[in-house]
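K.L.:
Output the structure for:
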Amino acid sequence: MKINSRRKFIKRVILAITSLAVIDMFWFERYIIDWNYFDISNEDKDSKIKVVQLSDLHIQSIKRFHKSIASKINEMKPDLVCFTGDALDDNNNLEVLNLFLELLNPSIKKYAILGNWEYWGNVNIKQLNKIYKLHNCELLINENTTFTKNNRTINVIGIDDFVGGTANIEQSIIGINSNNKALVLNHCPQYFDTIKAKQKAVNANLVLSGHTHGGQITFLGIVPFKPQGSGHFLKGFYGKKLKMYVSKGIGTSILPIRFGSRAEVAVFDI
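P.N.:
Now for the predicted structure:
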């Protein structure tokens, strides 16, 4: 009797652990967003620029957590929202992305770059660009522009994807005023070393990347798979003088699960 009771107890424990793991992988880590805030600015309060990074949406439908993200951003009233690639991975989802962008306050300035999946999914880049423009968003493909708040101007540099596109930092900084500090949007973190080599011309203090999903599925710190273009980077901050932040992103790729790599939105004061 005691042996049978122990077996039943062990089975119940295993079933409970398995159930919790399934809930964690398919729900909690995917939909309960981890909001991370960083102040890396040396500016006074009125000159700080608040940037929200949205990476790797891989959007396929509008879910409750997408609405929650948009609502929180609108309430926060950042100066910039930056989409750092892989907003969608199928041309059929262009209208879904449009619906998500409609949820964001149109007065918030937005910038976007391409990821590998915009290329691999044969997304119509011209149509994507039109949708972004409708929502006060500039798509930067090896280009730069400027953003001004009060009397402070920064350069915003958008680099094409390293894996699916043609990343080119030299082209991206043509005509740039290197007296301004720069914010660099770069999907694949592996390209960070190339950006660092041009730091004198770029004059950046922050690079925003994504792509890795933080491993998406990890076990006790072990990452079975990282996508091509990740290099030795996984998540969080890298670098000293020039810092790069690698976001774990919001969506998932290939498998619709996350484990040990909770979806995130990163917010920076620069």
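
K.L.:
And the helices in the chain, which stretches?
P.N.:
If DSSP state H is used as the criterion, the helices of the chain fall at 2-23, 29-31, 64-76, 94-103, 116-120, 125-134, 169-172, 192-197, 199-202.

K.L.:
so how many other residues sit close to residue 32?
P.N.:
Using other Cβ atoms under 10 Å, residue 32 has 12 other residues around it. In short, each C-beta sits where N, CA and C put it, glycine included.

K.L.:
so who does it touch?
P.N.:
With contacts defined as Cβ atoms under 8 Å, 6 or more residues apart in numbering, residue 32 is in contact with 65, 262, 263.

K.L.:
Show me which of those are buried.
P.N.:
With burial judged by 16 or more other Cβ atoms under 10 Å, the buried subset of those is 262, 263.

K.L.:
Out of the contacts of residue 32, which comes closest to residue 82?
P.N.:
Proximity of these to residue 82 (Cβ to Cβ) peaks at residue 263, which lies at 16.7 Å.

K.L.:
Now do that closest one against residue 123, distance only.
P.N.:
Look at residue 263 and residue 123: by Cβ to Cβ, to the nearest Å, they are 22 Å apart.

K.L.:
now swap in residue 160 and tell me
P.N.:
Taking Cβ to Cβ, one finds residue 160 at 14 Å from residue 123.

K.L.:
same question, residue 101
P.N.:
Computed as Cβ to Cβ, the residue 101 to residue 123 distance reads 15 Å.

K.L.:
Give me the below-cutoff pLDDT ranges for this protein.
P.N.:
Applying pLDDT under 70 to the chain flags the ranges 1-28.

K.L.:
50 instead?
P.N.:
9-25, 27 (pLDDT under 50).

K.L.:
count of residues packed around the residue lying closest to residue 119 once chain neighbours are set aside?
P.N.:
The shortest distance from residue 119 to any non-neighbouring residue, by Cβ to Cβ, 6 or more residues apart in numbering, is to residue 164 (3.1 Å). The criterion is other Cβ under 10 Å. On that basis, residue 164 has 21 neighbouring residues.

K.L.:
Quick check: residue 164 touching residue 122?
P.N.:
No. The pair residue 164 and residue 122 does not pass the contact test of Cβ atoms under 8 Å, sitting 10.5 Å apart.

K.L.:
which residue sits closest to residue 86 in space, ignoring its chain neighbours?
P.N.:
Residue nearest to residue 86 in three dimensions, not counting chain neighbours: residue 115, with 3.4 Å by Cβ to Cβ, 6+ apart.

K.L.:
now do residue 31
P.N.:
Closest residue in space to residue 31, ignoring its immediate chain neighbours: residue 65 at 4.5 Å, by Cβ to Cβ, 6+ apart.

K.L.:
State the distance from residue 130 to residue 95.
P.N.:
Separation of residue 130 from residue 95 (Cβ to Cβ): 12 Å.

K.L.:
ugh, typo on my part, it should be residue 249
P.N.:
Applying Cβ to Cβ to residue 249 and residue 95 gives a distance of 21 Å.

K.L.:
With residue 146 instead?
P.N.:
Counting by Cβ to Cβ, the gap from residue 146 to residue 95 is 31 Å.

K.L.:
With residue 194 instead?
P.N.:
Taking Cβ to Cβ as the criterion, residue 194 is separated from residue 95 by 35 Å.

K.L.:
and if you look at residue 176?
P.N.:
35 Å.

K.L.:
In terms of neighbours, single out the busier of those two.
P.N.:
residue 176 (17 against 11).

K.L.:
my read: residue 147 touches residue 140, true?
P.N.:
No. With contact defined as Cβ under 8 Å, residue 147 and residue 140 do not form a contacting pair (11.6 Å).

K.L.:
and for the two, which residues touch both?
P.N.:
Common neighbours of residue 147 and residue 140 are listed as residue 156 (criterion: Cβ under 8 Å, 6+ apart).

K.L.:
So for the two, which sits in the more crowded spot?
P.N.:
Taking residue 147 and residue 140 together and counting by other Cβ under 10 Å, residue 140 has the greater number of neighbours (21 against 18).

K.L.:
what residues are up against the more buried one?
P.N.:
Shown here is residue 140, whose contacts under the criterion Cβ under 8 Å, 6+ apart are 111, 112, 113, 156, 157, 158, 159, 172, 185.
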